[in-house]
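*Asks:* mind folding the following:
(chains A and B)
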Amino acid sequence: MQQTLNLHDREELIAPLYQFDRKFWTTLAVLIVIIAPGMLLYARQLVVGLGVTDLNRPVFWGAYLVNFIFLIGIAMAGTVISAVLQLLKVNWRRPITRIAESLTVFGLMTAGLQIIMDMGRPDRLVFTLLYGRLQAPLLWDIASLTLYLLTAIFALYLQLIPDIALLRDTSPASAPLWRKKLYTILSLGWTGAKEQWRRLEKAITVVSVFIIPIGISLHTVTSWLFSTTVQPGWKSTILGPYFVVGAIFSGIGLLFIATTFARQYNKHLKEYITETFYTNLGWIFIVMSAVWFYFTLNETLVVVTEQETLEFPVMASKLFGEFAPAFWGMIILMIAATWILVAPKFVSDKPTPNPLFQSATGLVATAISIVIFFLLWLRLPVLAAPGIQSILIIAFVVFLILALLGVTKWMKTRLITSTVIASAFVLFGMWLERWNILLPTLTHARLIPYTTYNPTITEIAVTISTFGILTLMFVVFYKFFPSISIWEVEEGRALESDSTH
Amino acid sequence: MTDWCMVIDLEKCVACQGCSIACRFENNTPAVSPQESKNGRAIRWNDVFPLPLHFAPDQGEYPNVKTHYITRPCMHCKNAPCVKVCPVQATFTDEEGIVHQNYNRCIGCRFCTVACPYGVRYFNWFKPEWEETLAEYRNPDQLSVNGSLEGPAVRPTGVVEKCTYCVHRLAKAREQAKVEGRDFRPDEYVPACVQTCTGKARFFGDLDDPDSTVSQLSKSLRAIHLLEDSGAHPKTLYLAEG
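*Replies:* Numbering: from 1, shown residues only, chains lettered A, B, ... in the order given. You can find the predicted model right below:
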């Protein structure tokens, strides 16, 4: 192995691991403040019972299950994407494999937490092992989640070994003794011998091959929790692939956000995680969004057209009923995200005098279109006259187009910012999608009066807390291990220099 | 082999909710506050509600009005969706066709409550409570075999419960026969709701015995199953209003 990563590079990546500066402690304190209320309220739920949530009959599952599906979704993308790219020997994956794989591990851990929080008797969790029925979909899910978590931890650890050895050898004199010991134990006596490399790369390839079906199985099995029941709205044969696509889609979104977060946290990472990564993974992101729209159209159109007596009320509640804000909110977020990703591809990055493409135009048009939207929404009697209303609708469409054109140029020059905005939209949209799959069916039971579900403070706080825990794991983990795979980047550079000579 | 079955004649049912109350006291289902009841937390193993439920039916014009009611115990399905999804076998069908619920095994995942198309399953959102002296009048019966806990036993927080066709009464009747040194006859036991039914609209017995009342009634042209399309093969039979 050539040492193409020079000493300066290494210092940039390793030195921050030993700097417990003010920024780190502030981040930690903020995260604990975010996490604490949810944990306290969960403790209350443990004592009092699940009655502190707004779950009821027939809405027996709620926000916790939505979080669960969402979290295993974002967990899926990390490892599956990094494994696929690894097997395809794609070079730009190198700086982000570590972040992707750790997201999988942390996502699965917090997802498991949601299941435990949702249980009426978490003290009986071990019963699933003692008395588990292999015919029950929930047991498949538990088995799949455990297997995926173990494989993901294994994959992450394999990737870490050479870097841990590097940390062991390069730790500064001031480093605490326990950290040196930790690295010594975890590096498993790695010396970088040729035979060790050969075995490591073989093991990584094998794990990459296995983790893809395991990851896909987890999300498919989770969809089977719903589609194997006889409840209207869930009896769908495409729910499995729909979940998988949604998982990869939202997973890429979180990957973009986590990578950007890491870049902002340690400025040196900008040299490694470059715009190439954003452009290339961005293309996969666009493809996933197209596939997601395709599935959503399938799910919606078929039910709307057949108008079956049990299925249709569920769909109608999404299209026009109490779930319309969540459903159309999801659609708008996804369309906006796709626009942000696709539109800049069609404009040049040179400055243009065309007023249509100025960001000022975009801002003004956005503001005006929002005002018109709310005017239409309010249905003021003054505006009810047919003439005025049609003018308003036309104006809304015109200003919306102006707004979309205006921001395009702005986005073109800010690839990373716009990708992060699109990712945030996709993440929120996918959370809403899980909500729209789960709740309309539950509130429309066959022989129980239709009800509603509004999460209580407990569920909201626990949800916030969960995402706090996810971030906390991320922050703490990368205080101990470098956030990019140093040896993989070295290897990539070595390959590049080989090919140029 | 005995095949327990309940037949409910909707023609005779006057929707007095007597079955619901008898069930509550027989099986120690706790009453919840009006606020919780409004939130959908009421527990009624045997529920009485109007049909159709979701769309206001055409009830005619005064004085020629008509309302349809249905009383709903557990259907004790032959292909029970709840039994299929339970991860720990806390709910299971015995060889006589009764779907049991074991409170000592249930982990409270609520998959069965979600899977049941009839909505017969209830969850203990809080610790069950009884007002003032009511707790002293609880039914002391419970079914406890090999560490399982069933029937009217007071449920812990966070488990699912449901109608069991009063399995503890069946166990008692069997014991009685054993003590008296004779064979148990299927007509020695009925659930509390059947015993109390004001309009004598409920029948209970062995579907395997061709001479039993339920067997005879099951051949009626009015005999229907609720939500036959759900594929659960429910056992509780209804005799439709003619």
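*Asks:* any regions of the chain where pLDDT drops low?
*Replies:* Looking at chain A here, since you left the chain open. For chain A, the stretches with pLDDT under 70 are A:1-8, A:499-501.
*Asks:* wait, chain B was what I had in mind.
*Replies:* Within chain B, the stretches with pLDDT under 70 are B:57.
*Asks:* please, where are all the helices along it?
*Replies:* In chain B, the helices defined using DSSP state H lie at B:18-27, B:34-38, B:81-85, B:111-115, B:167-179, B:192-196, B:213-218.
*Asks:* what is the neighbour count of the closest residue to chain A within chain B?
*Replies:* Closest residue of chain B to chain A, Cβ to the nearest Cβ: B:G108 (2.0 Å). Yep, even glycine has a C-beta here, placed from its N, CA and C like the rest. A total of 23 residues lie near B:G108 under the criterion other Cβ atoms under 10 Å in any protein chain shown.
*Asks:* all strands of the chain, in order?
*Replies:* This is for chain A. Using DSSP state E, no strands are assigned anywhere in chain A.
*Asks:* I was thinking of chain B, sorry if that wasn't clear
*Replies:* Counting by DSSP E, the strands of chain B are B:4-9, B:47-51, B:60-61, B:64-65, B:68-72, B:91-93, B:99-101, B:122-123, B:160-161, B:202-206, B:223-224, B:237-239.
*Asks:* parallel or antiparallel, list what pairs with the fifth one.
*Replies:* Spelled out, it's strand B:68-72. In the sheet, strand B:68-72 lines up against strand B:47-51 (antiparallel) (DSSP bridges).
*Asks:* the partner strand vs helix B:18-27, what angle?
*Replies:* Note on geometry: by axes from the mean of the first three to the mean of the last three Cα atoms, to 10 degrees, strand B:47-51 and helix B:18-27 are set 160 degrees apart in direction.
*Asks:* which residues of the stretch 1-150 of chain A lie near chain B?
*Replies:* Selection of the stretch 1-150 of chain A residues close to chain B by Cβ under 8 Å from any Cβ of the partner chain yields A:48-51, A:54-61, A:115, A:118-121, A:124-125, A:127-128, A:130-133, A:135-139, A:142.
*Asks:* pull out the buried members of those.
*Replies:* When the residues of the stretch 1-150 of chain A next to chain B are checked for burial by 16 or more other Cβ atoms under 10 Å in any protein chain shown, the buried set is A:49-51, A:54-61, A:115, A:118-121, A:124, A:127-128, A:131-133, A:136-139, A:142.
*Asks:* let's see which of these end up in helices.
*Replies:* Per DSSP H, the subset of these in helices is A:I115, A:D118, A:F127, A:T128, A:P137, A:L138, A:L139, A:I142.
*Asks:* report the two of these separated the most.
*Replies:* Farthest-apart pair in these is A:F127 and A:P137; separation 16.5 Å (Cβ to Cβ).
*Asks:* out of the ones in helices among the buried ones among the residues of the stretch 1-150 of chain A next to chain B, who's nearest B:L226?
*Replies:* The nearest one, if we look at these relative to B:L226 and count by Cβ to Cβ, is A:P137, at 24.5 Å.
*Asks:* the closest one contacts B:V85, doesn't it?
*Replies:* Yes: counting by Cβ atoms under 8 Å, A:P137 touches B:V85, with 6.2 Å between them.
*Asks:* any common contacting residues for those two?
*Replies:* Residues touching both A:P137 and B:V85 (Cβ atoms under 8 Å, 6 or more residues apart in numbering or on different chains): A:T228, B:F111.
*Asks:* hmm, back to that, dump the strands of chain B to CSV, plus mean neighbour count.
*Replies:* Shown next, in CSV, are the strands of chain B (neighbours: other Cβ atoms under 10 Å in any protein chain shown):
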stretch, mean neighbour count
strand B:4-9, 23
strand B:47-51, 16
strand B:60-61, 8
strand B:64-65, 8
strand B:68-72, 18
strand B:91-93, 19
strand B:99-101, 25
strand B:122-123, 24
strand B:160-161, 25
strand B:202-206, 23
strand B:223-224, 14
strand B:237-239, 21
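*Asks:* quick one: B:C197 from B:P73, how far?
*Replies:* 11 Å (Cβ to Cβ, to the nearest Å).
*Asks:* hey, what's in contact with both of the two?
*Replies:* B:C19.
*Asks:* list the residues that contact residue 54.
*Replies:* Using chain A here. Going by Cβ under 8 Å, 6+ apart, A:D54 touches A:G62, A:Y453, A:N454, A:P455, A:T456, A:E459, B:N39.
*Asks:* my question was about chain B, not that one.
*Replies:* Contacts of B:H54 (Cβ under 8 Å, 6+ apart): A:P313, A:P449, A:Y450.
*Asks:* of those, list those near chain B.
*Replies:* Near chain B, by the rule Cβ under 8 Å from any Cβ, you find A:P313, A:P449, A:Y450 out of the contacts of B:H54.
*Asks:* what's the closest non-adjacent residue to the first one?
*Replies:* The shortest distance from A:P313 to any residue other than its chain neighbours is 5.4 Å, reached at A:H444 (Cβ to Cβ, 6 or more residues apart in numbering or on different chains).
*Asks:* so the one you found sits against A:M315, correct?
*Replies:* No: counting by Cβ under 8 Å, A:H444 does not reach A:M315; the two are 9.7 Å apart.
*Asks:* number of residues surrounding B:W45?
*Replies:* Neighbourhood size, B:W45 [other Cβ under 10 Å]: 23.
*Asks:* list the contacts of the residue nearest to A:P313.
*Replies:* Contacts for A:H444 (Cβ under 8 Å, 6+ apart) come out as A:P232, A:G233, A:P313, A:V314, A:S317, A:Y450.
*Asks:* can those residues go into TSV with extra columns for distance to A:W197 and neighbour count?
*Replies:* Formatted as TSV, the contacts of A:H444 follow (distance: Cβ to Cβ, whole Å; neighbours: other Cβ atoms under 10 Å in any protein chain shown):
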residue	distance to A:W197	neighbour count
A:P232	56	21
A:G233	52	26
A:P313	61	19
A:V314	55	22
A:S317	57	21
A:Y450	62	14
